[in-house]
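In: Provided below for reference: sequence and predicted model.
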Amino acid sequence: MKTTPKSKGAAALPLNTILSGDCIEVMNSLPENSVDLIFADPPYNLQLKGDLHRPDNSKVDAVDDEWDQFSSFAAYDKFTREWLTAAHRLLKPNGAIWVIGSYHNIFRLGAELQNQGFWILNDVIWRKSNPMPNFRGKRFTNAHETMIWASKTEAGKYTFNYEALKSLNEGVQMRSDWVLPICNGHERLKNEAGEKAHPTQKPESLLHRILVGATNPGDVVLDPFFGTGTTGAVAKMLGREYIGIEREEAYRKVAEKRLKNVRKFDREALQVSTSKRAEPRVPFGQLVERGMLNPGEELYSINGRYKAKVRADGTLIGKDVKGSIHQVGAAMEGAPSCNGWTYWAFKKDGKKVPIDLLRQQIRAEMTERPN
């Protein structure tokens with residue numbers, strides 16, 4: 001088990017472990033502002049009335065476990081309020097939460113998220129490509145579940161790896177409706193009796209998309225309803241730290257066995273596409289300070305129409321126009337704006353080289369980790 005360094009008077013964070021007990025009590029025992037992301041798959045409170053049978057009269061293995069049963073909506077709301085209060089306390093200022101549910105509970109969860117001060121960013125529909133049919137034929141086939149993604153506060157600077165999700169989606173912007181299969185086949189875990197180890201085991205594909213999109217390697221991911229450990233397994237593979245909370249011993253045993261067989265992807269494989277906004281900011285003046293460009297050196301527009309001289313303070317002068325690389329480029333073109341990094345080039349060995357290559361060189365140095 002890995003733990004975070006213990007500050008004076010603070011408890012260590014029990015990373016990469018499954019904690020036993022009631023999720024509310026356990027969360028309240030952990031240090032506040034210590035978790036980057038929470039993925040929560042709470043009881044749905046399905047309110048099932050009697051057994052469900054298929055047309056051939058075989059019994060459906062429905063979710064009728066004690067942990068999904070509440071005496072009333074008021075009791076369920078109290079439970080929701082208490083665990084979300086604990087979750088809000090644990091999240092870092094820029095942290096976020098994903099909560100999944102069905103029509104039985106997702107609206108109550110959404111209202112309480114807002115009551116607690118969370119800021120809802122999206123609701124995402126997980127449309128199941130292979131849903132269980134509606135055997136009684138009295139309602140639509142329930143073919144989706146809803147996830148709510150929310151930041152801790154409205155001002156929180158949450159993680160969103162837009163370009164990585166776009167890459168997952170063949171270069172097209174990721175939408176809020178995800179078509180993924182339910183957990184079955186070899187991925188469906190079985191207990192010692194050969195039965196489903198957990199009735200609502202989520203597919204790894206769902207967690208992979210969430211963690212790639214909303215976390216970075218090294219982030220701490222908490223799952224207060226850990227079950228058989230899908231969140232932990234995907235977090236471990238993707239180089240994230242995880243904390244699981246699970247009160248049912250049978251589920252903990254399955255999850256522990258599962259996690260022992262999970263291997264983290266290598267460092268190169270963990271890298272994902274990033275947006276330019278997420279890259280470190282490099283002022284143009286830094287190129288001058290470091291001698292990568294010299295005062296008096298001429299820059300040339302990529303289209304070959306204009307040129308300007310570099311000044312010692314990192315501004316340009318050209319055609320009686322003074323200002324930043326962006327301002328001078330815009331003035332030269334008579335345009336309202338200009339990206340000076342892609343507009344200007346310097347000459348090396350008689351060839352034009354975009355100044356953006358120098359910025360990328362500095363960025364590489366800033367993000368390079370020592371061996």
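Out: The structure has been received and is ready for your questions. Residues are numbered from 1 along each chain as shown.
In: Correct me if wrong: residue 198 contacts residue 227.
Out: Yes - under the criterion of C-beta atoms under 8 Å, residue 198 is in contact with residue 227, at a separation of 4.9 Å. Bear in mind the C-beta positions are built from the backbone N, C-alpha and C, glycine included.
In: overlap in contacts of those two?
Out: residue 251 (C-beta atoms under 8 Å, 6 or more residues apart in numbering).
In: Low-confidence regions, the stretch 251-371 of the chain specifically.
Out: 274-278, 367-371 (pLDDT under 70).
In: residue ranges for the helices of it, please.
Out: 267-270, 284-289, 325-333, 340-343, 356-367 (DSSP state H, counting those that start in this stretch).
In: Quick one: closest of the ones you listed to residue 141.
Out: Set against residue 141 and scored by C-beta to C-beta, these come closest in helix 267-270, at 37.5 Å.
In: quick one: contacts for the nearest residue to residue 184 once chain neighbours are set aside?
Out: Spatial nearest neighbour of residue 184, excluding adjacent residues (C-beta to C-beta, 6 or more residues apart in numbering): residue 130 at 7.1 Å. By C-beta under 8 Å, 6+ apart, the contact set of residue 130 is 181, 182, 184.
In: quick one: pLDDT of residue 130?
Out: As predicted, residue 130 sits at a pLDDT of 79.
In: I'd assumed it was in a helix, is it?
Out: No - the assignment for residue 130, made by DSSP: H, G, I helix; E, B strand; the rest coil, is coil rather than a helix.
In: do you know how far it is from residue 349?
Out: Separation of residue 130 from residue 349 (C-beta to C-beta, to the nearest Å) stands at 60 Å.
In: Tell me which of the helices of the stretch 251-371 of the chain approaches residue 93 most closely.
Out: Nearest of these (C-beta to C-beta): helix 356-367, 23.0 Å.
In: Pull the contacting residues for the one residue sitting closest to the centre of the chain.
Out: Closest to where the C-alpha atoms of the chain average out (C-alpha atoms, centre = their mean) is residue 214, at 1.4 Å. Applying C-beta under 8 Å, 6+ apart, one finds that residue 214 lies in contact with 37, 96, 98, 149, 158, 159, 160, 161.
In: ok, and the most crowded of these?
Out: Counting neighbours by other C-beta atoms under 10 Å, the top entry in those is residue 37, with 27 neighbours.
In: helix or strand for it, which one?
Out: Here residue 37, judged by DSSP states H and E, is contained in strand 35-40.
In: elements contacting the helix or strand just after that strand?
Out: Next helix or strand after strand 35-40 toward the C-terminus (DSSP H and E): helix 73-90. In this structure, helix 73-90 packs against helix 23-29, strand 35-40, helix 106-115, with contacts taken as 3 or more C-beta pairs under 8 Å, 6 or more residues apart in numbering; DSSP states H and E.
In: for the ones you listed, which one ends up most surrounded?
Out: Each of those was scored by mean neighbour count; the highest is strand 35-40, a mean of 25, by mean count of other C-beta atoms under 10 Å.
In: Just the CA trace of that one, in PDB.
Out: Taking C-alpha atoms only, strand 35-40 is exported to PDB below (Å, rounded to 0.1, in the frame of the first residue of the first chain):
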ATOM      1  CA  VAL A  35      -8.800  13.500  -3.700                       C
ATOM      2  CA  ASP A  36      -8.700  14.600  -7.300                       C
ATOM      3  CA  LEU A  37     -11.700  12.600  -8.600                       C
ATOM      4  CA  ILE A  38     -14.600  10.600  -7.100                       C
ATOM      5  CA  PHE A  39     -16.500   8.000  -9.200                       C
ATOM      6  CA  ALA A  40     -19.600   6.900  -7.300                       C
END
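In: and it, what's its mean pLDDT?
Out: Mean predicted lDDT for strand 35-40 stands at 98.
In: coming back round to it: as TSV, the helices and strands packed on helix 73-90 with distance to residue 90 would be great.
Out: Formatted as TSV, the helices and strands packed on helix 73-90 follow (distance: least, C-beta to C-beta, whole Å):
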stretch	distance to residue 90
helix 23-29	6
strand 35-40	5
helix 106-115	15
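In: which stretch among these comes nearest residue 301?
Out: Residue 301 lies closest to strand 35-40 among those, at 43.0 Å (C-beta to C-beta).
In: Can you report how many residues lie near residue 82?
Out: 17.
In: which ones are touching the residue lying closest to it once chain neighbours are set aside?
Out: Distance criterion C-beta to C-beta, 6+ apart; nearest residue to residue 82, sequence neighbours excluded, is residue 24 at 5.0 Å. Counting by C-beta under 8 Å, 6+ apart, residue 24 touches 82, 83, 86.
In: do residue 297 as well
Out: Listed by C-beta under 8 Å, 6+ apart, the contact set of residue 297 reads 309, 310, 346.
In: Can you select the buried ones from these in PyMOL?
Out: To isolate the buried subset of the contacts of residue 297 in PyMOL, counting by 16 or more other C-beta atoms under 10 Å, use the following:
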select buried, resi 310+346
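In: Next step: the contacts of residue 297 restricted to strands.
Out: 309, 310, 346 (DSSP state E).
In: I'd like these laid out as TSV, including distance to residue 165.
Out: As requested, the ones in strands among the contacts of residue 297 are exported to TSV (distance: C-beta to C-beta, whole Å):
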residue	distance to residue 165
309	42
310	39
346	35
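In: Kindly indicate which of those lies nearest residue 331.
Out: The nearest member of those to residue 331, counting by C-beta to C-beta, is residue 309 at 14.4 Å.
In: hang on, isn't that closest one packed against residue 319?
Out: No - counting by C-beta under 8 Å, residue 309 does not reach residue 319; the two are 10.6 Å apart.
In: The helices and strands packed on helix 73-90: which one's closest to residue 324?
Out: Each of the helices and strands packed on helix 73-90 was scored for nearness to residue 324 using C-beta to C-beta, and the closest is strand 35-40 (35.1 Å).
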